[in-house]
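Participant: Predicted structure and sequence below. I'll ask about it afterward.
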Amino acid sequence: MNDNSMAAVRKNLVDENAQIGQKDASMVNVEGDTCYNNPIFNSDATPFQAGTIAITTMCENNTKKQTNLESTCSK
């Protein structure tokens, strides 16, 4: 997905919220999860050290589709 299609998904969710009569149509229920990943290639590295690479995904939780709203990778 690119930025334009993700923006269109968010706009459609706001429109849908307005149609069903939510007080604040711009509020969208979301679920998020973050995965931390560290390469373990040093001899002193362990799986319990702090993660340096994180990937976060946010999905809307308003509809049965649960469309992906955002994915972010940070180092």
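Facilitator: Ah, there it is.

Participant: okay, CA-based contacts and neighbour counts for the rest of this
Facilitator: Fine.

Participant: give me the number of residues near Leu13?
Facilitator: 21 (other CA atoms under 10 Å).

Participant: Check which helix or strand Asp15 maps to.
Facilitator: helix 3-19 (DSSP states H and E).

Participant: what's in contact with the helix-or-strand element of the chain with minimal mean pLDDT?
Facilitator: Ranked by mean pLDDT, DSSP states H and E, the weakest helix or strand in the chain is strand 68-74, scoring a mean of 74. With contact meaning CA atoms under 8 Å, 6 or more residues apart in numbering, strand 68-74 is reached by Met6, Val9, Arg10, Ile53, Ala54, Ile55, Thr56, Thr57, Met58, Cys59, Glu60.

Participant: Give me the sheet partners of it and which way each runs.
Facilitator: Here strand 68-74 is paired, per DSSP bridges, with strand 53-60 (antiparallel).

Participant: quick one: buried residues of the partner strand?
Facilitator: The neighbour-count check on strand 53-60 (16 or more other CA atoms under 10 Å) flags Thr57, Met58, Cys59, Glu60 as buried.

Participant: tell me the pLDDT at the third one?
Facilitator: The score at Cys59 is 83. That number is its pLDDT.

Participant: bridging residues for it?
Facilitator: Cys59 has these beta-bridge partners by DSSP bridges: Glu31, Asn68.

Participant: quick one: contacts for it?
Facilitator: With contact set as CA under 8 Å, 6+ apart, Cys59 has these partners: Val30, Glu31, Gly32, Gln66, Thr67, Asn68, Leu69, Glu70.
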